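Peer 1: Sequence and predicted structure are below.
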Amino acid sequence: MKLSIVIIGDEILLGRVTDTNSGLIAKTFSESGWQVAGVRTVGDNAADINAAISQSLDQSDLVITTGGLGPTRDDITKSVLTDIFGGSLNEDPAVTANIEKIFAGRGLVLNDLTRRQAWVPTSCRVVMNRFGTAPVMWFERNSHVLVAMPGVPFETRGMLGEVKELVTGHFGTADHIRHHEFTVTGITESDLAERLASFEDSLPLGFKLAYLPSPGEILLRLDGAPGAPDSIFDIHAGNLRSILGENLAGEGKLSPAEIALHKLRGRKWTLATAESCTGGNIAHLFTIISGCSDTFKGGIVSYANDVKTGILGVDISTLATVGAVSDDTVRQMAEGAATACHADCAVATSGIAGPGGGSPEKPVGTVWIAARTPQRSATKLCRFTGDRTAVIDRASAAAINLLCDLLD
């Protein structure tokens with residue numbers, strides 16, 4: 001069974017807002033055996049929306065759209081869907097009640113434009129949105145189904161499980177396809193591909209290995225063939241584990257911070273951070289993980305040198321002789337963070353994220369990282385490429401991975 005996704009909105013098409021909905025929808029349904037036929041992105045133009053939806057309906061059993069359901073004049077998806085599926089736009093009292101409840105709970109006055117979101121095509125089945133004012137709408141034509149979802153990411157994320165249940169109830173369960181993910185660190189994508197070339201050549205017809213790299217890690221996804229016996233899948237998954245060896249950081253989609261937390265908890269050690277060029281990003285990567293407070297004690301963003309010396313205890317002479325971007329400075333920053341936060345372990349970063357500030361001796365992308373545990377410490381000089389965001393992301397992952405190496 002095939003799925004097509006249509007993302008609607010000028011803000012997405014023009015790159016002003018990053019589309020996260022299509023990836024989430026594709027992942028959610030592909031894990032259940034659906035084949036994603038394509039993703040289309042269109043602006044708030046009636047003809048373009050109509051063409052994208054019509055082509056997707058011809059191509060797939062299921063079409064999911066997001067966006068264009070808001071209260072402003074450029075939100076025209078409902079009108080286009082009425083043209084495609086027929087009927088007329090009428091007010092749905094249940095949707096009106098849901099909107100009124102949401103606004104009352106937020107202490108807001110409901111205006112006429114927002115109330116207009118309760119007008120839906122008579123040709124659809126309404127699925128109440130528990131996370132926002134725009135309802136989810138279910139349309140059917142012949143054997144094809146279209147589900148129109150709101151474009152706000154947390155609303156799409158919140159309603160996707162319910163939509164998936166409705167789709168499964170309508171179409172039944174797709175062909176059984178096993179998937180398993182492996183988080184790999186400490187190796188480049190090209191080196192990993194070389195190591196796994198023979199393994200990939202040995203996979204049976206229909207099996208596939210996908211590489212999904214991100215800063216500091218590579219997610220490998222092994223997909224089985226539709227209907228393949230679990231015993232065959234398990235054999236190949238076991239072979240892959242053996243080949244990955246010490247580069248296998250964990251199974252499933254794990255971030256470097258999640259891996260580090262797991263290792264820290266196993267030793268009942270706590271963690272602090274001291275960050276200069278990464279500006280608190282490492283602390284953020286830990287604190288977005290629910291329950292991290294049992295391990296993560298806190299972080300210090302020591303962007304200025306007087307914070308490095310005054311709070312972290314970096315020696316003034318160190319800064320005067322070798323500078324802030326140096327082995328000695330990050331080592332002292334890590335020690336200072338552990339002391340200041342009463343933590344067992346710490347990581348530290350100091351570097352030049354760019355685009356300015358570099359020199360021939362220390363060009364943009366130069367970052368020193370440090371990690372320490374109660375038993376040992378280490379520093380590392382890194383040279384990263386890319387823009388400021390890329391340098392920050394890569395330095396953050398490298399610092400956490402250095403800590404993981406010490407914990408091993």
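Peer 2: Structure's in. What do you need?
Peer 1: any idea what sits nearest the residue nearest in space to the middle of the chain, other than its immediate chain neighbours?
Peer 2: Central residue of the chain (C-alpha atoms, centre = their mean): Thr20, 8.0 Å from the mean position. Nearest residue to Thr20, sequence neighbours excluded (C-beta to C-beta, 6 or more residues apart in numbering): Pro153, at 5.2 Å. Any C-beta I mention is one placed from the backbone N, CA and C, and that applies to glycine too.
Peer 1: Test my guess that the one you found contacts Asn21.
Peer 2: Yes: counting by C-beta atoms under 8 Å, Pro153 touches Asn21, with 6.0 Å between them.
Peer 1: Give me the more crowded residue out of these two.
Peer 2: Neighbours were tallied for Pro153 and for Asn21 using other C-beta atoms under 10 Å; the higher tally belongs to Asn21 (26 against 15).
Peer 1: Tell me who's in contact with the more buried one.
Peer 2: If you count contacts by C-beta atoms under 8 Å, 6 or more residues apart in numbering, Asn21 has them with Ile5, Ile7, Thr66, Gly67, Met149, Gly151, Pro153, Thr156.
Peer 1: quick one: it from Phe154, how far?
Peer 2: According to C-beta to C-beta, to the nearest Å, Asn21 and Phe154 sit 10 Å apart.
Peer 1: does Val127 really touch Ala134, like I thought?
Peer 2: No: when contacts are counted by C-beta under 8 Å, Val127 is not listed as touching Ala134 (11.1 Å).
Peer 1: When the two are compared, which one has more neighbours?
Peer 2: Taking other C-beta under 10 Å, Val127 and Ala134 do not tie; Ala134 has more neighbours (27 against 17).
Peer 1: Which of the three states applies to the more buried one?
Peer 2: When classified by DSSP: H, G, I helix; E, B strand; the rest coil, Ala134 comes out as coil.
Peer 1: do Ile84 as well
Peer 2: Per three-state DSSP, Ile84 ends up helix.
Peer 1: Repeat that for Ala274.
Peer 2: Following three-state DSSP, the label given to Ala274 is strand.
Peer 1: So it versus Val152, what's the distance?
Peer 2: Distance, Ala274 to Val152, by C-beta to C-beta: 36 Å.
Peer 1: For the two, indicate the residue with more neighbours.
Peer 2: Under the criterion of other C-beta under 10 Å, the comparison of Ala274 against Val152 puts Ala274 first, with 34 against 19.
Peer 1: Check which helix or strand the residue of the chain most remote from its centre maps to.
Peer 2: Distance to the chain centre peaks in the chain at Ser317, reaching 42.1 Å (criterion: C-alpha atoms, centre = their mean). Secondary structure assignment for Ser317, by DSSP states H and E: helix 316-321.
Peer 1: now that helix, how far from the centre of its chain.
Peer 2: In this view, helix 316-321 has its centroid 40 Å away from the chain centroid, taken as C-alpha atoms, centre = their mean, to the nearest Å.
Peer 1: elements contacting that helix?
Peer 2: helix 305-310, helix 327-341 (3 or more C-beta pairs under 8 Å, 6 or more residues apart in numbering; DSSP states H and E).
Peer 1: Any idea how many residues pack against Arg376?
Peer 2: Neighbours of Arg376 (other C-beta under 10 Å): 10.
Peer 1: I meant Thr270, not that one.
Peer 2: Based on other C-beta under 10 Å, the number of other residues close to Thr270 is 19.
Peer 1: Wait, it touches Ala346, no?
Peer 2: No: checked against C-beta under 8 Å, the pair Thr270 and Ala346 is beyond contact range at 9.5 Å.
Peer 1: Give me the spatial nearest neighbour of Pro256, chain neighbours excluded.
Peer 2: Ile400 (4.1 Å).
Peer 1: How about Arg157?
Peer 2: Closest to Arg157 by C-beta to C-beta, 6+ apart is Leu24, at 6.2 Å.
Peer 1: same question, Thr185
Peer 2: In space, Thr185 is closest to Ala249, 4.5 Å off (C-beta to C-beta, 6+ apart).
Peer 1: pLDDT score for the one you found?
Peer 2: Looking at Ala249, its pLDDT stands at 85.
Peer 1: State whether it is indeed within a helix.
Peer 2: No: assignment of Ala249 by three-state DSSP gives strand, placing it outside any helix.
Peer 1: how many neighbours does it have?
Peer 2: Neighbours of Ala249 (other C-beta under 10 Å): 25.
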